[in-house]
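Q: Below is the sequence, then the predicted model.
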Amino acid sequence: MAWETSTRAKRLPKNWPQLKAATKKRARGKCEAATHVPECTGIGAECDHRAPGDDHSLKNLQWLSTPCHKAKTSRENAEANRRRAGMRLRPQERHPGLR
């Protein structure tokens with residue numbers, strides 16, 4: 001989902017700028033990704049939620065480089081799409097000529 005069409009910004013707490021600053025300070029400006037992508041410079045630039053959802057506690061926030069954040073979001077979206085696709089699967093129907 002594109003940020004432009006997301007409701008995420010409206011759901012952020014009023015103290016979001018302070019939470020971002022505290023997350024960056026804790027990380028000392030470095031990328032905290034569990035798995036870094038090759039494009040990662042090691043320098044964080046964006047605040048991210050470790051677990052999806054609206055838990056804005058500092059323990060659920062991490063400071064990521066833009067490439068690592070993009071890769072993590074892409075993985076989460078792919079997983080969500082797989083789950084949604086699995087929910088839409090219908091039982092395989094037998095071909096009418098084989099009945």
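A: Cool, got the structure. On a predicted model such as this, the values are computed, not experimentally measured, just so you know.
Q: ranges for the strands of this protein?
A: Per DSSP state E, the chain carries strands over the ranges 46-49, 61-64.
Q: Select, out of the ones you listed, the one closest to Asn77.
A: Among the strands of the chain, the nearest to Asn77 by CB to CB is strand 46-49 (13.5 Å). Glycine gets a C-beta too; all of them are placed from N, C-alpha and C.
Q: Describe which strands the closest one pairs with in its sheet and in which direction.
A: Strand 46-49 has the following strand partners under DSSP bridges: strand 61-64 (antiparallel).
Q: Contacts for the partner strand next, please.
A: By CB atoms under 8 Å, 6 or more residues apart in numbering, the residues outside strand 61-64 that reach it are 19-20, 23-24, 26-27, 29-33, 44-50, 72.
Q: now do stretch 71-80
A: Applying CB under 8 Å, 6+ apart, the set of residues contacting stretch 71-80 is 1, 33, 37, 48, 52, 64.
Q: 7 Å - rerun?
A: 33, 37, 48, 52, 64 (CB atoms under 7 Å, 6 or more residues apart in numbering).
Q: How far off centre is it?
A: Distance of stretch 71-80 from its chain centroid, counting by CA atoms, centre = their mean, to the nearest Å, is 6 Å.
Q: pLDDT of that stretch, averaged?
A: For stretch 71-80, mean pLDDT is 92.
Q: hmm, back to that, can you redo the contacts of stretch 71-80 as CSV with neighbour count, pLDDT and distance to Arg11?
A: Below are those laid out as CSV (neighbours: other CB atoms under 10 Å; pLDDT from 0 to 100; distance: CB to CB, whole Å):
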residue, neighbour count, pLDDT, distance to Arg11
Ala33, 20, 97, 23
Val37, 15, 97, 27
Asp48, 17, 96, 15
Pro52, 11, 86, 12
Leu64, 28, 98, 19
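Q: ok, which pair from these is furthest apart?
A: Farthest pair in the contacts of stretch 71-80 (CB to CB) is Val37 and Pro52. Separation: 19.1 Å.
Q: how about the strands of the chain, which one is nearest Glu93?
A: For Glu93, the closest of the strands of the chain is strand 46-49, at 41.0 Å, according to CB to CB.
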